[in-house]
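A.B. asks: please work out how this folds:
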Amino acid sequence: MCRLRIEFIQLEPARGLTLFLASSKIDRANQGRQLSVPALTRLCPVQAYEDWLECSGLRDGPLLRNVDRWGRLGDGLHSYSVSRILRRAFHRSGLEGEGYCGHSLRRGFATWTSVNQWSAKALMDYVGWRDVQSAMRYVEADASFGAWRR
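C.D. replies: Now for the predicted structure:
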């Protein structure tokens, strides 16, 4: 998330985003890869992206930025900041935030896909995992059985 750059994101309003990741942990040849992010009916990342660009006035550079105490945008968000931001969001929502980190977002998403009956293949394609065992480590064991639950 912290390495996303606006110039590497193509927006199709109300349809989706196409992201180009110049490098990643699984891209040993440093060729980069493209990801597609569809628009959703709730908590839509496409709408959030559109809103952020409109609100921030950003046109290039890092997508996510640090904000100083006077509300000015900085150069870019550091990966260590994600945990602090996540915990602060939990706290402001009245939830306990300790024990959560940036990786919790990935784990939560993987579990959400399982609850919402995504196939393991769909999850792996969406996140970029190549190994089923890697993907399944992120899904909470006590996740709901979705439509199979009584």
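A.B. asks: so which bits of the longest helix belonging to the chain are buried?
C.D. replies: Looking across the chain with DSSP state H, the single longest helix is helix 102-115. Buried residues in helix 102-115, counted by 16 or more other CB atoms under 10 Å: G102, S104, A110, T111, T113, S114. C-beta here means a position set from N, CA and C on the backbone, and glycine is covered the same way.
A.B. asks: what's it packed up against?
C.D. replies: When contacts are defined as 3 or more CB pairs under 8 Å, 6 or more residues apart in numbering; DSSP states H and E, helix 102-115 packs onto helix 81-92, helix 120-127.
A.B. asks: show me how far that helix is from its chain's centre.
C.D. replies: 10 Å (CA atoms, centre = their mean, to the nearest Å).
A.B. asks: what's the answer for stretch 65-80, then?
C.D. replies: The answer for stretch 65-80 is 18 Å, by CA atoms, centre = their mean.
A.B. asks: got it, and stretch 122-142?
C.D. replies: The answer for stretch 122-142 is 15 Å, by CA atoms, centre = their mean.
A.B. asks: kindly report the same for stretch 120-139.
C.D. replies: With CA atoms, centre = their mean, you get 15 Å for stretch 120-139.
A.B. asks: quick revisit: any idea of the angle the longest helix of the chain forms with helix 120-127?
C.D. replies: Relative orientation of helix 102-115 versus helix 120-127 (axes from the mean of the first three to the mean of the last three CA atoms, to 10 degrees): 150 degrees.
A.B. asks: run through who's touching helix 102-115.
C.D. replies: 1, 79, 82-83, 86, 122-123, 126-127, 135, 138-140, 143-144, 146 (CB atoms under 8 Å, 6 or more residues apart in numbering).
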